[in-house]
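# Attaching a predicted model along with its sequence, questions to come.
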Amino acid sequence: MKRSVKIFLSFPLLGLLVLITGAAYAEDFRSVINDCWKDKSHVEMSACVVSLAQKSSKDLGSLEQELTTKIQNEGEEPRYIQSMKDTFVIGERSFKVYRTHQCNFVASLAKGGNSAHDLGTACMYQLNSERIKQLKDIEEGWLITESKESK
């Protein structure tokens, strides 16, 4: 019963994520590729995109860990803390599933060409960056932080 509820709850979250990231996706995605292409060979451009994606993945993981700690230290009743932690984990998992499928789709647009990896990797960078922005907005707007408490 619990598992089906968690899965059911993740679908609306996934839909919301698609809507939120959709507006900025097209323009920003092209700019990632274009910025990495400037005065570079294809090999250098690919390395640039991979570097951006790796950094965004590392940054996202660090932010997720930071938020998990902040949720744990939120100072609410244990049942609310557990609810926040559970739904955050569902959101993380839903995002990763969405990112994988969306970036596989984007890579497929190369129709088997040598840019498929670049497109998929740029997609990962873009979606990770959007997710980081979303989580920072949540952190700043809803979670108690030391800087808020000291003001």
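Thanks, I have it.
# quick one: average pLDDT of the helix or strand that contains residue 29?
Secondary structure from DSSP states H and E places residue 29 in helix 2-37. Average pLDDT, helix 2-37: 53.
# just stretch 127-134 next, same as before
For stretch 127-134, mean pLDDT is 95.
# Now do the buried residues in it.
Burial within stretch 127-134, assessed by neighbour count using 16 or more other Cβ atoms under 10 Å, is assigned to 127-132, 134. Where C-beta positions appear, they are placed from N, C-alpha and C, glycine not excepted.
# ok, now stretch 86-96?
Result for stretch 86-96 [16+ other Cβ under 10 Å]: buried residues 88, 90-92, 94-95.
# SS state for residue 76?
At residue 76 the chain is in coil, as set by DSSP: H, G, I helix; E, B strand; the rest coil.
# Please give me every residue in contact with it.
residue 84 (Cβ atoms under 8 Å, 6 or more residues apart in numbering).
# what about it, distance to residue 103?
Counting by Cβ to Cβ, to the nearest Å, the separation of residue 76 from residue 103 is 35 Å.
# burial count for residue 67?
Other residues near residue 67 come to 19 when the count uses other Cβ atoms under 10 Å.
# got a markdown table for the buried residues of stretch 86-96, with distance to residue 82, secondary structure and pLDDT too?
Conversion of the buried residues of stretch 86-96 to a markdown table gives the following (distance: Cβ to Cβ, whole Å; DSSP: H, G, I helix; E, B strand; the rest coil; pLDDT from 0 to 100):
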| residue | distance to residue 82 | secondary structure | pLDDT |
| --- | --- | --- | --- |
| 88 | 11 | helix | 95 |
| 90 | 13 | helix | 97 |
| 91 | 15 | helix | 96 |
| 92 | 16 | helix | 96 |
| 94 | 18 | helix | 97 |
| 95 | 20 | helix | 97 |
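# just those residues now: which is nearest residue 43?
Checking the buried residues of stretch 86-96 against residue 43 with Cβ to Cβ, the nearest one is residue 95 at 30.4 Å.
# Distance check, the closest one against residue 111.
Distance from residue 95 to residue 111, by Cβ to Cβ: 27 Å.
# ok, now residue 62?
Taken as Cβ to Cβ, the span from residue 62 to residue 111 is 36 Å.
# and these two? which has more neighbours close in?
Each of residue 62 and residue 111 has its neighbours counted (other Cβ under 10 Å); residue 62 has more, 11 against 7.
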